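Asker: next input, structure requested:
(one chain, ligands or ions: 1)
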Amino acid sequence: MPVYEYRCDECGETFEWFVRSAAQGAPPVCPRCQSQRVHKRISLFGVGSAGGDKSTASSCGPAL
Ligand SMILES: [Zn+2]
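Answerer: Residues are numbered from 1 along each chain as shown. Below is the predicted model of the structure:
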């Protein structure tokens, strides 16, 4: 189940929206102000909190 991250244009709230396979029933609404003026943020598998491995790998990686 893909999870997309949305950001509200009204209040700036960021929230995650669970999107079903192909038929997306209801449009995403802001859980804070119930506004539908939201836009999707690109987050590929960004659900995990153990990220940022590339930034650290560049500093302590093998020197060529
Ligand atoms: Zn909002």
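Asker: all strands of the chain, in order?
Answerer: If you assign secondary structure with DSSP state E, the strands in the chain sit at 3-8, 14-18, 38-41.
Asker: which one of those strands is the most hemmed in?
Answerer: When neighbours are counted by mean count of other C-beta atoms under 10 Å, the highest per-stretch mean among these falls to strand 3-8, a mean of 16. C-beta: built from backbone N, CA, C; applies to glycine.
Asker: can you redo the strands of the chain as CSV with distance to the ion and mean pLDDT?
Answerer: As requested, the strands of the chain are exported to CSV (distance: least, C-beta to the ion, whole Å; pLDDT from 0 to 100):
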stretch, distance to the ion, mean pLDDT
strand 3-8, 3, 89
strand 14-18, 8, 88
strand 38-41, 7, 92
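Asker: as JSON lines, the ones you listed with distance to Cys30 would be great.
Answerer: Putting the strands of the chain into JSON lines (distance: least, C-beta to C-beta, whole Å) gives the following:
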{"stretch": "strand 3-8", "distance to Cys30": "4"}
{"stretch": "strand 14-18", "distance to Cys30": "7"}
{"stretch": "strand 38-41", "distance to Cys30": "6"}
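Asker: what's the closest of those to Pro31?
Answerer: Counting by C-beta to C-beta, Pro31 lies closest to strand 14-18 out of those; the figure is 5.4 Å.
Asker: which other helices and strands contact the closest one?
Answerer: In terms of contact count using 3 or more C-beta pairs under 8 Å, 6 or more residues apart in numbering; DSSP states H and E, strand 14-18 is assigned the packing partners strand 3-8.
Asker: the strand it packs on: partners in the sheet, and parallel or antiparallel?
Answerer: Each strand paired with strand 3-8, and its direction, by DSSP bridges: strand 14-18 (antiparallel), strand 38-41 (antiparallel).
Asker: show residues contacting the shortest one.
Answerer: With contact meaning C-beta atoms under 8 Å, 6 or more residues apart in numbering, strand 38-41 is reached by 4-9, 14, 28-30.
Asker: state the pair within those that is farthest apart.
Answerer: Largest separation among the contacts of strand 38-41 by C-beta to C-beta: Tyr4 and Asp9, giving 15.6 Å.
Asker: can you give me the helices for the protein?
Answerer: According to DSSP state H, the chain carries its helices in the segments 53-60.
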